[in-house]
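need a 3D model of the sequence below.
(one chain, ligands or ions: 3)
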Amino acid sequence: MEGNFNQISLKSLINFIFLSLLLISAISPSKTSKTPSNIITRFQQYLQINTAHPNPNYTQSSNFILSQAKSLNLESQTLEFVKGKPVIILKWSGKNQNLPSIMLNSHTDVVPAEFHKWVHSPFDAHIDGGGDIYARGSQDMKCVGLQYLEAIRRLKSDGFEPVRTVYVSFVPDEEIGGHDGAEKLAESEAFKKMNVGIVLDEGLASPNENYRIFYAERCPWWLVIKATGAPGHGSKLYDNSAMENLLRSIESVRRFRASQFDVVKAGLKAEGEVISVNMVFLKAGTPSPTGFVMNMQPSEAEAGFDIRIPPNADQKSLEERIAQEWAPSSRNMTFELGQFKQKGSVHDKFGNPAITAADNSNPWWSLLVGAIKKANGKVGKPEIFPASTDARYFRELGLPAIGFSPMANTPILLHDHNEFLNQAEYLRGIEIYESIIAEYASYVEPSPTRDEASRAEL
Ligand SMILES: *[C@@H]1O[C@H](CO)[C@@H](O)[C@H](O)[C@H]1NC(C)=O
Ligand SMILES: *[C@@H]1O[C@H](CO)[C@@H](O)[C@H](O)[C@H]1NC(C)=O
Ligand SMILES: [Zn+2]
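Numbering: from 1, shown residues only. Ligands and ions are numbered 1, 2, ... in the order given. Below is the predicted model of the structure:
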């Protein structure tokens, strides 16, 4: 017993010394905190916090973010529009408080992971021999949240002083619609007071060397169509059964889907620029103890579709198509458009398409592209995000919002098994943000030149 006890003590003593050394290296100032290993360790720590739905641990993620804020000397504010759903706002005050501020947004939650389908456990943040960091959230989007902070850490240690105020926001629940997170923030008094002029939010990984930049996103409509018809014996051929009615509609939907997909396949439009329609469920049949009754044609049949509409698409004609071709009452069909129909609009509150200008008319766009190039990054063609992000809540206010996650040469693995990001790519992204934040925070709208001013005087 005693021998055993001594052995344990020795082991714990060694552990203690080891941990102390780790601690000393962690708290010793700037020089060591700039080394990549510490940067990667902090990323791993954030990834190891399980913020997967349905039970994201926001207490732990908040504590982590607030501790980072403290180490960076950033002011912090925790807003709880809904209890247990913290929105954290960090503030780096600019020298000119009158200029609109910059908001760097990221969500803290992640989608669930099927542990047994991963080569490395999704919350271990294991780094393999090639430097790939495996974790749920490594791409979507804990990388971005922490890259913002690492970039600020570097700018601060270089003595950079922002002219504009920079806010870094960490919001909950994006993966379940953002209603208790970014949506509430965008509607709040607190947000108005922040006087935000530009929002950066998430983008997607790029399998090639060009970073992807998004200026808008598609709006989801969830459509359920339902057919009814006289039931009948399974052997009987007759018109207008529920199944036949539904199948005719499905064929029509498929023709439309193919017409959109063909344009993408031909390379004429990108994925985000067409209307996507995918059937997500089929519900029909008369249940029996062993499956379905086989000699009976049912009187009802339903199908569900996930539809995504780009902001410049003709919504009205799609609505007509649904009512006249996909679910015509003349064929005893009805339809319902799910929760997003009311919520998600492709327009902002002024009735304009919710699009951020992706050209020189928008200084924030030019500055972003310029800053990426300055840091030796390459950019692809501006794109419409194929799915939804929190950026829509800010675009709906009429604010410019740009989707960007600095991940080049990386397979797109968001929501997939074995999501990973290479550590070199992560570090590269920090340099990119350093360049962007420096440009954004220094930007002062050009005042009229002396020539223009004197002409105005005349
Ligand atoms: C969440 O994290 C906190 C802080 O680390 C911990 O005390 C708590 O047990 C965790 N909650 C759950 C539900 O795991
Ligand atoms: C509509 O439903 C009624 C009642 O089931 C049926 O008699 C009729 O044939 C159906 N019409 C069509 C066009 O499906
Ligand atoms: Zn995301």
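
ok, the closest residue to ligand 2 within the stretch 51-200 of the chain - contacts?
Going by C-beta to the nearest ligand atom, ligand 2 is nearest to G177 of the stretch 51-200 of the chain, at 36.4 Å. In this view, the C-beta of every residue, glycine as well, is placed from N, C-alpha and C. G177 makes contact with E183, S388, according to C-beta atoms under 8 Å, 6 or more residues apart in numbering.

next one: A301
Contacts of A301 by C-beta under 8 Å, 6+ apart are K226, A227, A242, M243, N245, L246, L282, K283, A284.

next, it: secondary structure please.
Three-state call for A301 (DSSP: H, G, I helix; E, B strand; the rest coil): strand.

what residues are bridge-paired with it?
A227, A284 (DSSP bridges).

ditto for I213
F404.

so that it lines up with my notes, have the first residue be 52 from now on.
Done: numbering now begins at 52, and the last item shifts to I264.

now the one residue in the chain that gets nearest to ligand 3. Nearest residue, chain neighbours left out?
Nearest residue of the chain to ligand 3 (C-beta to the ion) works out as D191 at 4.1 Å. If the residues on either side of it in the chain are set aside, D191 comes closest to L465, at 3.8 Å by C-beta to C-beta, 6 or more residues apart in numbering.

count of residues packed around that neighbour?
The number of residues packed around L465, counting by other C-beta atoms under 10 Å, is 19.

swap in N363?
N363: 12 neighbours (other C-beta under 10 Å).

okay, the nearest residue to it once chain neighbours are set aside: pLDDT?
Ranked by C-beta to C-beta, 6+ apart and with sequence neighbours excluded, the top spatial neighbour of N363 is P404, at 5.6 Å. P404 is assigned a pLDDT of 86 by the prediction.

please apply the same query to V397.
Reported pLDDT for V397: 76.

then I140?
Here, the pLDDT recorded for I140 equals 98.

contacting residues for it?
Neighbouring residues of I140 by C-beta under 8 Å, 6+ apart: S127, Q128, T129, L130, Y218, V219, S220, A241, M245.

can you check K142 too?
Shown in contact with K142 (C-beta under 8 Å, 6+ apart): L125, E126, S127, Q128, T216, V217, Y218.

turn those residues into JSON lines, including distance to ligand 3, pLDDT and secondary structure.
Supplementary listing: the contacts of K142 in JSON lines, determined by distance: C-beta to the ion, whole Å; pLDDT from 0 to 100; DSSP: H, G, I helix; E, B strand; the rest coil:
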{"residue": "L125", "distance to ligand 3": "23", "pLDDT": "98", "secondary structure": "coil"}
{"residue": "E126", "distance to ligand 3": "26", "pLDDT": "98", "secondary structure": "strand"}
{"residue": "S127", "distance to ligand 3": "22", "pLDDT": "98", "secondary structure": "strand"}
{"residue": "Q128", "distance to ligand 3": "23", "pLDDT": "98", "secondary structure": "strand"}
{"residue": "T216", "distance to ligand 3": "25", "pLDDT": "98", "secondary structure": "coil"}
{"residue": "V217", "distance to ligand 3": "21", "pLDDT": "98", "secondary structure": "strand"}
{"residue": "Y218", "distance to ligand 3": "19", "pLDDT": "98", "secondary structure": "strand"}
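
just the buried ones from those, in PyMOL syntax?
Paste this into PyMOL to select the buried members of these, with burial taken from 16 or more other C-beta atoms under 10 Å:
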select buried, resi 125+127+216+217+218
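
and the residue nearest to D191, its phi and psi?
phi -60, psi 140 (degrees, to the nearest 10).

my read: it touches K193, true?
No - contact between L465 and K193 fails when scored by C-beta atoms under 8 Å: they sit 11.5 Å apart.

quick check: closest non-adjacent residue to the residue of the stretch 152-301 of the chain at minimum distance from ligand 2.
Closest residue of the stretch 152-301 of the chain to ligand 2, C-beta to the nearest ligand atom: N291 (3.2 Å). Of all residues not flanking N291 in the chain, G280 sits nearest, at 5.0 Å (C-beta to C-beta, 6+ apart).

and the one you found, how far from I301?
For G280, the distance to I301 equals 15 Å [C-beta to C-beta, to the nearest Å].

so these two - more neighbours on which side?
Neighbours were counted for G280 and for I301 using other C-beta under 10 Å; G280 has more, 22 against 18.

and the more buried one, how far from ligand 1?
Plainly put, G280 is 50 Å away from ligand 1 if you go by C-beta to the nearest ligand atom, to the nearest Å.

enumerate every residue touching that residue.
Contacts of G280 by C-beta under 8 Å, 6+ apart are N291, S292, A293, M294, E295, N296, S350, N383.

change it to 6 Å
N291, S292, A293, N296 (C-beta atoms under 6 Å, 6 or more residues apart in numbering).

got it, and V344?
By C-beta under 6 Å, 6+ apart, the contact list for V344 reads T337.

over to it: give its phi and psi.
phi -70, psi 130.

which ones are touching the residue nearest to E268 when sequence neighbours are not counted?
Distance criterion C-beta to C-beta, 6+ apart; nearest residue to E268, sequence neighbours excluded, is F436 at 3.7 Å. Contact partners of F436, counting by C-beta under 6 Å, 6+ apart, are F265, E268, G323, G454.

and the third one, that one's in a strand?
No - looking at G323 with three-state DSSP, it is helix, so not inside a strand.

ok, residues contacting the strand or helix carrying Q198?
Using DSSP states H and E, Q198 sits within helix 193-208. Helix 193-208 has contacts (C-beta under 6 Å, 6+ apart) with 81, 90, 94, 97-98, 119, 123, 155, 157, 219, 221, 253, 456, 472, 477, 480-481, 484-485, 488.
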